[in-house]
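Asks: Based on what follows, work out the 3D shape:
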Amino acid sequence: MTPDPLAELEAAWADGRLAGLAAPQEQAALDAALGPGGLERLGEHWGPGVVVGSGGSSGGRRWCLQPLAHLQASAAATAHWLRAVGVDPAACLHLNPLPLHHVSGLLPWLRARQWGGAHRVIPPAWMRQPRELAARLPLTGPPGSAAPPPALLSLVPTQLARLMVEPAGLAWLRCLAVIWVGGAPLPPALAARARRAGLRLSPCYGATETAAMVAALPPERFLAGVGGCGPALAGVELRLAPGSVALEVRCDRLSPGWVEAGVLQPLPGLRQGWWRSGDGARLSAEGLRLLGRIDGAIHSGGETVFPEQIEARIRALAAEGGWPLQEVLLLALPDPDWGERLAGLVRPAPGADGAALCRQLAAAAAGWAPAERPRRWLCCPGLEPSPLGKWERSRWQRWLLSLEAGHPLRDGAAADGHPE
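Replies: Below is the predicted model of the structure:
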């Protein structure tokens, strides 16, 4: 009989123990991080909680310790936010399409456990088949029946886009009280489509190190056309590091640190209670607006460029022009004069002419500022983000550099290219 991971987690916490959460293919990496003493040694000091993976977008999987008290504080802050937008936390149905070993998959279950609501796991296959999802998990009752409980859902943009393609998926999404969208930037074109459809999206921001969400935009503000990830949740402070755009977070649920070889290492970037998250941002009266990963920013001709911002512009152009673009990723190439220049990896739609798409993109970018204009465009049929919608930029950077060196790796194939 297959063990129930939620029952095992409950049992560990009831005994005051830490639990390690990892995907099957990452279990060996977690075991190595825990070292010979395993969870027992850490648990003697920290009590119940989890060690869960963090990162992966900029290289290097880290194993983050979060005590149960921090997770519970996160759930309490989310409950406060829900009441402010007119939703009773105790009455909610928590729909969960994300894995337990991801902090955004752990928290829906913990919120339901803490608030007294219902929790329902959505199998990954249903998320790829919107009609089956709508048929198997209806969110409306028969005529004359009592109103269903308000349903909450956390998604990454890739999952949202997949559901919105099908009318049945779009109709199902319209029944949700709140749709938190995080884990990756929400493309402007997708946000515009969601607004036109009346979807109650709440773009949000958080990290494993902060025990999930620390900022979320109320759905009504999203529908009114406001962008970004909204204001900080209760108990959270956000600021920009002096003289920079580096986002810093202060709250009482920051992780004590990362586990390496059985030793808990202090959280990098933590100074006087403020944790530097690694993201670039702007702060305004409407809250937080992300610029992109600082470690992914490039420095070209004296300018700092956040590739995510340019990628969003490209996606919007492609959507407006009806170009057959499925994915785009901008990376840096060394340049003797500029320091770095952008290169664009693109995945065309099946059957589309990749070379023609690269020429279209090069022509569209011809009038952009030089630092923002990709020097090369490469067709890469294997280009895709991780299952959680995050770009493994270090992986694709290695692929690009191997291609430049004349030794392409097998992750993709540069079928066609176009210089600027």
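Asks: ok, and for stretch 24-35, which residues are buried?
Replies: 26, 30, 33-34 (16 or more other Cβ atoms under 10 Å). Where you see a C-beta, it was placed from the backbone N, CA and C, and this is true even at glycine.
Asks: Quick check: of these, which lies closest to Leu317?
Replies: The nearest member of the buried residues of stretch 24-35 to Leu317, counting by Cβ to Cβ, is Glu26 at 37.0 Å.
Asks: OK, contacts around the nearest residue in space to Val214 that is not next to it in sequence?
Replies: Spatial nearest neighbour of Val214, chain neighbours left out: Val236 (4.5 Å); criterion: Cβ to Cβ, 6 or more residues apart in numbering. Contacts here follow Cβ atoms under 8 Å, 6 or more residues apart in numbering; on that basis Val236 touches 77, 210, 214-215, 249-251.
Asks: Just send the buried residues of stretch 24-35 back as JSON lines, with secondary structure too.
Replies: Shown next, in JSON lines, are those (DSSP: H, G, I helix; E, B strand; the rest coil):
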{"residue": "Glu26", "secondary structure": "helix"}
{"residue": "Leu30", "secondary structure": "helix"}
{"residue": "Ala33", "secondary structure": "helix"}
{"residue": "Leu34", "secondary structure": "helix"}
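Asks: pLDDT check: weakest of these?
Replies: In terms of pLDDT, the least confident member of the buried residues of stretch 24-35 is Glu26, at 89.
Asks: Now the terminal residues of stretch 252-261, how far apart.
Replies: End-to-end distance of stretch 252-261 (Cα to Cα, to the nearest Å): 26 Å.
Asks: What residues sit buried inside it?
Replies: If you call a residue buried by 16+ other Cβ under 10 Å, then stretch 252-261 has these buried ones: 253-259.
Asks: out of those residues, who's nearest Gly301?
Replies: Closest approach between those and Gly301, by Cβ to Cβ: Trp258, at 35.6 Å.
Asks: which outside residues touch the helix or strand hosting that closest one?
Replies: Secondary structure from DSSP states H and E places Trp258 in strand 257-260. For strand 257-260, contacts defined as Cβ under 8 Å, 6+ apart pick out 33-34, 42, 51, 54, 62-65, 264-268.
Asks: redo that, cut-off 10 Å
Replies: The contact list for strand 257-260, computed with Cβ atoms under 10 Å, 6 or more residues apart in numbering, reads 18, 20, 30, 32-35, 39, 42, 51, 54-55, 60, 62-65, 208-209, 263-268, 270.
Asks: In three-state terms, label the residue sitting furthest away from the middle of the chain for me.
Replies: The centre of the chain is farthest from one residue, Gly144, which by Cα atoms, centre = their mean lies 38.9 Å away. State at Gly144, reduced to three classes by three-state DSSP: coil.
Asks: before we move on, what about Pro374?
Replies: Under three-state DSSP, Pro374 falls in the coil class.
Asks: Quick check: it vs His299, distance?
Replies: Per Cβ to Cβ, to the nearest Å, Pro374 is found 15 Å from His299.
Asks: now do Leu160
Replies: Going from Leu160 to His299 by Cβ to Cβ gives 32 Å.
Asks: Can you tell me, leaving aside adjacent residues, what's nearest to the residue nearest the centre of the chain?
Replies: Nearest residue to the geometric centre of the chain (Cα atoms, centre = their mean): Gly183, 0.8 Å. Nearest-residue entry for Gly183: Val156, 4.1 Å, with adjacent residues in sequence omitted and distances by Cβ to Cβ, 6+ apart.
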